[in-house]
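J.: Return atomic coordinates for the entry below.
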Amino acid sequence: MTLNRLQSGIGALTVEAVCSPAVGDVSLGALYELTDGTSSIVERLRGLAAGPPGSPTPVLRADREEFEQLVVDLHQSRDLRRVLVYATSESGRELDWGGTLITRTFGGARLELPLDLGVHRGPVALLSVYVIDGEFVLRAETEKIAGAVRDVARAYGYERITWADDRTPVV
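T.: Have a look, this model is predicted:
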């Protein structure tokens, strides 16, 4: 799915993991890279609720209303190169994946991605977002990754992130 220039620059792009409690302790996060080369993660349950950290106007933030969600500030879309949305179990346990990843634009466009991925221990790469010529290109990934968030970063080319351990970036 490609968002046109208007959809890519107004309001916010919201990504929400709508999963029942039966799935388990789903934590939604994102790897991101800015045009200046800055790269890190945003994940609410890790205490990394905004990216870049300490910014008065973050490009990306993690939140929770009824479900885990990520919000991309499209007013700053020129600063963003790419985002990869992932989900994992906060406790590291095996999850029986189900539900829907819902992506919404400010104008009401909506993309739904089924999360019926079966049983898996470890993170799942769900959705990639690339900024190409000022437009957002969204791509469903739904790839199960063996290991931890650091392994997702390696699999998708986020090499600039420095890690304290397999789940914690150095910010």
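
J.: Low-confidence regions, the chain specifically.
T.: 1-10 (pLDDT under 70).

J.: Is residue 16 in contact with residue 71, as I believe?
T.: No. Here residue 16 does not reach residue 71: they are 9.4 Å apart, not a contact under C-beta atoms under 8 Å. The C-beta positions use only the backbone N, C-alpha and C, and glycine is treated the same way.

J.: Spatially central residue in the chain, please.
T.: residue 85 (2.4 Å; C-alpha atoms, centre = their mean).

J.: Report all helices and strands that whichever strand or helix holds that one contacts.
T.: Assigned by DSSP states H and E, residue 85 belongs to strand 80-89. Applying 3 or more C-beta pairs under 8 Å, 6 or more residues apart in numbering; DSSP states H and E, one finds that strand 80-89 makes contact with strand 26-34, strand 68-73, strand 124-132, helix 149-155.

J.: residue ranges of the strands in this protein, please?
T.: All strands of the chain, identified by DSSP state E, fall at 2-3, 12-18, 26-34, 39-43, 50-51, 60-64, 68-73, 80-89, 95-97, 100-104, 110-114, 118-120, 124-132, 135-144.

J.: what would these look like in TSV with distance to residue 162?
T.: Below are the strands of the chain laid out as TSV (distance: least, C-beta to C-beta, whole Å):
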stretch	distance to residue 162
strand 2-3	31
strand 12-18	25
strand 26-34	13
strand 39-43	9
strand 50-51	15
strand 60-64	18
strand 68-73	22
strand 80-89	17
strand 95-97	28
strand 100-104	28
strand 110-114	30
strand 118-120	27
strand 124-132	20
strand 135-144	24
